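# Predicted model and sequence follow; I will ask about them next.
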Amino acid sequence: MILENGWGDTGAKARVDSEGRLRTRSTIVTSDRHQNEDGKVWSCTATATTGTTDNFFYIIKNNGANNLAITDIRAKSSAVTELTYEVVSGTPIYVTGTDITPIPRNLGTNKVPNAIIKYDSDITGIASGGEIFFEQCDTADKMYHLRTSSNIIIPQGQMIAIKSSAAATIKCLVSLIELENE
């Protein structure tokens, strides 16, 4: 069998090496870059004042058909604290429950994730299902950056929250991506 160029060049054939491998050239694009081209990557930012051991960021309840993923989290606290990223269940009860408007990282789109994303000073009514990560913020007003190559994947109906161990004003940015169905 001969593979020929389908772009109109006559007589051009595909190259195969001595081990039977097809010689190709490709461009590698990260998954989040590819998803951003489709308008499915967002920044979710909030600033909340918390008490001790308060859930302040009800990060995501995925209401969509596709998995959502958190690629990284940036946080700055006015006081020394430990931030805990947890799987949660239950029905959140808010003091004010401010919606977070996800900002698309592709400025040519108006797509939004199918998720509930809110922040508050103290979110109750949810129970921890386990700690995913913790981050020690040992210097006030210093930016901390949690990133993981495996991401935090949030399937449909699942939710996570962020909790602070100390009373503080915390500014937080969560990078959110909608994954493609396989």
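Structure's in. What do you need? Residues are numbered from 1 along each chain as shown.
# which stretches of this protein form helices?
31-37 (DSSP state H).
# any idea where the strands of it begin and end?
41-50, 54-62, 68-77, 81-93, 98-99, 103-104, 115-137, 143-154, 159-164, 168-178 (DSSP state E).
# Can you tell me the strand partners of the fifth one and which way each runs?
Each strand that pairs with strand 98-99, with its direction, by DSSP bridges: strand 115-137 (antiparallel).
# chain center to stretch 97-106: distance?
Here stretch 97-106 is found 12 Å from its chain centre; the criterion is C-alpha atoms, centre = their mean, to the nearest Å.
# do the same with stretch 59-75
4 Å.
# If you count neighbours, what's buried in that stretch?
59-62, 66-71, 73-75 (16 or more other C-beta atoms under 10 Å). The C-beta positions use only the backbone N, C-alpha and C, and glycine is treated the same way.
# a markdown table please, covering those residues and showing pLDDT and distance to Gly157.
Output for those, formatted as a markdown table (pLDDT from 0 to 100; distance: C-beta to C-beta, whole Å):
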| residue | pLDDT | distance to Gly157 |
| --- | --- | --- |
| Ile59 | 74 | 14 |
| Ile60 | 79 | 11 |
| Lys61 | 92 | 8 |
| Asn62 | 95 | 7 |
| Asn66 | 95 | 12 |
| Asn67 | 95 | 11 |
| Leu68 | 95 | 11 |
| Ala69 | 94 | 15 |
| Ile70 | 95 | 16 |
| Thr71 | 93 | 21 |
| Ile73 | 95 | 22 |
| Arg74 | 96 | 27 |
| Ala75 | 96 | 26 |
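# picking up where we left off before, turn the strands of the chain into CSV, including distance to Gln35.
Below are the strands of the chain laid out as CSV (distance: least, C-beta to C-beta, whole Å):
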stretch, distance to Gln35
strand 41-50, 5
strand 54-62, 15
strand 68-77, 9
strand 81-93, 21
strand 98-99, 23
strand 103-104, 11
strand 115-137, 15
strand 143-154, 11
strand 159-164, 19
strand 168-178, 5
